[in-house]
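S.K.: with the input below, show me the fold.
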Amino acid sequence: MPFPLELFILEAEKQGKSKEYIDVCVEYIKKLDSNGFPVIFSLHHLAQEIGVQYKYLRFLIGENDNKYEHKYKRYNYFSIKKKRNGYREIMAPSKDLKYIQKWILLNILYVYKLEDCCKGFMPNQGILNNAIVHENSEKILKVDLLKFYDSITFDRVVQVFESVGYIKNLAISIAKIVTASNRESYWNCFDEYSKLKLSSIRNAKTPVLPQGAPTSPMLANIIATNLDKKIINLSKKLNFRYSRYADDLTFSVKKNEGVLPYSKLIIKLIESEGFFVNPSKTIIKKKGQRQYVTGLTVTSDVNLSKKYRKEIFKHLHYCRKFGVNNHLERNKDFRKYNIIQFHDWLFGHICYTNSINKDVANKMFDIFRKINWSISE
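M.R.: Okay, the predicted model is just below:
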């Protein structure tokens, strides 16, 4: 909805505001409104737009004294095990903070225009869109950004909100709402390479993007836009294909199509934009080798791996043949599950399959419906 500019000018004139003041405000309004961003003048105005208490926003940015600390909580910290090694620390925002962050995501961040190569955490995009870019390739280069969210500091987030047109004080306030400081115990779990690369951020104790905040994926995408643009320009010269899904960068060429960029050049571009490469996850796969992009095989067309499909069909077969309880008792990895939990787990995986390969998913659903899911089985 366009900002009521004429009404604003009339009201400002009634209040006796100077022409210079009104002109500055009009310029500010037009810059935001013409690009689709909500017009916000101050933290108090932001609270009104979101529909929350002003004192709560002041608490979030550290302007209220500690008497509010017992009443309000910003984040819950916990760890989840990664698929491979180590743990991922999650900073889950409180219910009220999450509501505010979602408002910022929907009304400000989603307005920002990203490059087409950005496939992660975007409306109407996903792992399938990312993988399709690289199907049937002669060579694929995969590069992983090191500690993606942890490398995005408070100052870089402030720049995002300033770049769209918000005044500096407001940009700083919004950045405080969407960033947080990691616990010291989290930094201590880093390997030596990660500690070295991110030492300046750790030592400065600067807030970063929290893993768990709804705003973090989109902010990371926005801040990586300059990197995307540099790589796109390079791709036009070397004729390779490029896409980025969050911190996963993928480069590919078809036969006789072009050349992949050297890893050293990519590292140079990445570090020029304030990011770092995870060397243990830099991989080149040639035709004939198993080529995967965001978990999907792209050797010819895009599909789920045979291993994944076989695993789901195996569970379906055994549940149908022996019963769900019997299958859970035989499978040590699922003994902690009850029937309802396993039903939801299996159904979720079939739905995921359906998003990639509907023909395979339909076969899975046929078997799934024939399984006796009665709790008193």
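
S.K.: so this protein: which segments form each domain?
M.R.: Using the TED database, the domain ranges for the chain come out as 114-303, 306-369.

S.K.: now do the longest one: distance to the chain's middle.
M.R.: What it means is domain 114-303. A distance of 10 Å separates the centroid of the chain from that of domain 114-303, by Cα atoms, centre = their mean, to the nearest Å.

S.K.: so which of the domains of the chain gets nearest His45?
M.R.: Closest to His45 of the domains of the chain is domain 114-303 (Cβ to Cβ; 8.4 Å). (Glycine included, C-beta is placed from N, CA and C.)

S.K.: just to check, Tyr337 is in contact with His327?
M.R.: No. The criterion here is Cβ atoms under 8 Å, and Tyr337 misses it with His327 at 10.1 Å.

S.K.: on that earlier part again, can I get the domains of the chain in CSV including mean pLDDT and mean neighbour count?
M.R.: Shown next, in CSV, are the domains of the chain (pLDDT from 0 to 100; neighbours: other Cβ atoms under 10 Å):
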stretch, mean pLDDT, mean neighbour count
domain 114-303, 95, 18
domain 306-369, 95, 15
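
S.K.: for Leu5, find the nearest of the ones you listed.
M.R.: Between Leu5 and the domains of the chain, the shortest separation by Cβ to Cβ is 14.8 Å, and it involves domain 114-303.

S.K.: start to end distance for the closest one?
M.R.: Domain 114-303 has an end-to-end distance of 27 Å (Cα to Cα, to the nearest Å).

S.K.: just put the domains of the chain in JSON lines and tack on distance to Ile375.
M.R.: Supplementary listing: these in JSON lines, determined by distance: least, Cβ to Cβ, whole Å:
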{"stretch": "domain 114-303", "distance to Ile375": "33"}
{"stretch": "domain 306-369", "distance to Ile375": "6"}
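
S.K.: the protein: strands as residue ranges?
M.R.: Applying DSSP state E to the chain gives strands spanning 75-81, 87-93, 139-144, 241-245, 248-253, 283-286, 292-293, 296-297.

S.K.: which stretch among those comes nearest Leu43?
M.R.: Using Cβ to Cβ, the strands of the chain put strand 87-93 closest to Leu43, at 18.0 Å.

S.K.: give me the contact list for the closest one.
M.R.: With Cβ atoms under 8 Å, 6 or more residues apart in numbering as the test, strand 87-93 has contacts from 74-82, 98, 101, 180, 182-183, 186, 189, 210-214.

S.K.: let's see it at 6 Å
M.R.: The contact list for strand 87-93, computed with Cβ atoms under 6 Å, 6 or more residues apart in numbering, reads 75-82, 180, 186, 210-213.

S.K.: ok, the residues you listed vs Lys113, which is closest?
M.R.: Using Cβ to Cβ, Ala213 is the member of these that lies nearest Lys113, at 21.8 Å.

S.K.: surely that closest one touches Gln101?
M.R.: Yes. Using Cβ atoms under 6 Å, Ala213 is in contact with Gln101, at 5.4 Å.

S.K.: tell me how far the spatially closest residue to Ser263 that is not a sequence neighbour lies from Phe251.
M.R.: Once flanking residues are discounted, Ser263 sits nearest to Thr282: 6.1 Å by Cβ to Cβ, 6 or more residues apart in numbering. When Cβ to Cβ, to the nearest Å is the yardstick, Thr282 and Phe251 sit 11 Å from each other.

S.K.: re the thing from before, got JSON lines for the contacts of strand 87-93, with distance to Tyr292 too?
M.R.: Formatted as JSON lines, the contacts of strand 87-93 follow (distance: Cβ to Cβ, whole Å):
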{"residue": "Tyr75", "distance to Tyr292": "34"}
{"residue": "Asn76", "distance to Tyr292": "34"}
{"residue": "Tyr77", "distance to Tyr292": "32"}
{"residue": "Phe78", "distance to Tyr292": "29"}
{"residue": "Ser79", "distance to Tyr292": "26"}
{"residue": "Ile80", "distance to Tyr292": "23"}
{"residue": "Lys81", "distance to Tyr292": "21"}
{"residue": "Lys82", "distance to Tyr292": "17"}
{"residue": "Ala180", "distance to Tyr292": "33"}
{"residue": "Tyr186", "distance to Tyr292": "29"}
{"residue": "Pro210", "distance to Tyr292": "29"}
{"residue": "Gln211", "distance to Tyr292": "24"}
{"residue": "Gly212", "distance to Tyr292": "26"}
{"residue": "Ala213", "distance to Tyr292": "29"}
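
S.K.: thanks a lot, see you next time.
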